[in-house]
Every structure is written in structure tokens, then in C-alpha cells.
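[1] Give me the fold of what follows.
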Amino acid sequence: QVQLRESGGGLVQAGGSLRLSCAGPGRTFSSYAMAWFRQAPEKEREFLAAISWSGGRTYYADSVKGRFTISRDNVENKADLQMNSLKSEDTAVYYCAAKIGGPISDPLYDHWGQGTQVTVSA
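    Purely as a prediction, here's the structure:
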């Protein structure tokens, strides 16, 4: 069982920034592609961004391109999502996910964290 743990969620005003972090499995972290998703109430889960095991390739959904940045640190075993210019419609529970193999832009990820709430006030 791969354990992922998100942190960094909270309440922020519209236009502000927030940085989410996902702590991944220890020694094997660098084997995994990492991704971030979100789910707002009564909406389907949305695939936001992904990063390859090396960090050399990234993927962004159009809805967050230019505002969100995914990164990873294979020494500290974490993957971050920097979110800027936040809007009220970014309010959701944010999840990190991991997988080994397959295109990073394919939203089928195998391992999931518990999620962290992000609330953007207008």
C-alpha cells in the first residue's frame, strides 16, 4: 500500500496563493509519476496536473495552466502544487495521486491521498 499525505490546504482570499504538498513513499518515491486532482461538491473529479518521475515532463489541464505549477523533490520525497491567482471556483478538496508507468497525462492513477480542503473566498 502506497501512502500519500497531502498538506497545505486552507482558506485564502480570491487572488491569493496557496502551496499544497504531498508526502510520498520513502525510498520508492522517485519511481512514481505524481499528479494532483480536485473535486468540488457535486462535481466530478478533475485532473489538474501531473509530473513524471524525474520531473522532466509535466502536464496541466487548461483550467489551471499558467496559474498552477507542479513540482517534485525526490530527495525530500514530496510533490507540490503551487496555486496562484486563486478563484472562488478553485474551491475543492485537492488530492494527490501516484502511479508507475503509462503517460502522465492519462488520469488513471493507482494510489491516492486522503485529500486537503482548499477554500477560496470571494
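[2] Is Ser105 in contact with Tyr59, as I believe?
    Yes: here Ser105 lies in contact with Tyr59, judged by CB atoms under 8 Å, at a distance of 4.3 Å. Placement of C-beta: from N, CA and C, glycine included.
[3] Can you pull up the most central residue in this protein?
    Trp36 (2.4 Å; CA atoms, centre = their mean).
[4] Give me the residues contacting the helix or strand hosting it.
    Per DSSP states H and E: Trp36 is located in strand 33-39. The contact list for strand 33-39, computed with CB atoms under 8 Å, 6 or more residues apart in numbering, reads 20, 22, 24, 45-53, 59, 68, 70, 72, 79, 81, 90, 92-100, 102, 104, 107, 109, 115, 118.
[5] which of those count as buried?
    When these are checked for burial by 16 or more other CB atoms under 10 Å, the buried set is 20, 22, 24, 46-51, 53, 59, 68, 70, 72, 79, 81, 90, 92-99, 104, 107, 109, 115, 118.
[6] Report the residue spans of this structure with pLDDT below the cut-off.
    For the chain, applying pLDDT under 70 flags no range at all.
[7] and Gln82, what does it touch?
    17, 19, 68-71.
[8] let's see 6 Å
    19, 69 (CB atoms under 6 Å, 6 or more residues apart in numbering).
[9] before we move on, what about Ala79?
    Per CB under 6 Å, 6+ apart, neighbours of Ala79: 22, 34, 72.
[10] Distance to Gly10 for those - can I get that in a markdown table?
    As requested, the contacts of Ala79 are exported to a markdown table (distance: CB to CB, whole Å):
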| residue | distance to Gly10 |
| --- | --- |
| Cys22 | 15 |
| Met34 | 21 |
| Arg72 | 22 |
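[11] the strands in the protein, which residues?
    Per DSSP state E, the chain carries strands over the ranges 5-7, 10-13, 18-23, 33-39, 46-51, 58-60, 68-73, 78-83, 92-99, 111-112, 116-121.
[12] So which bits of the last one are buried?
    Along strand 116-121, these residues count as buried under the neighbour rule (16+ other CB under 10 Å): 116, 118, 120.
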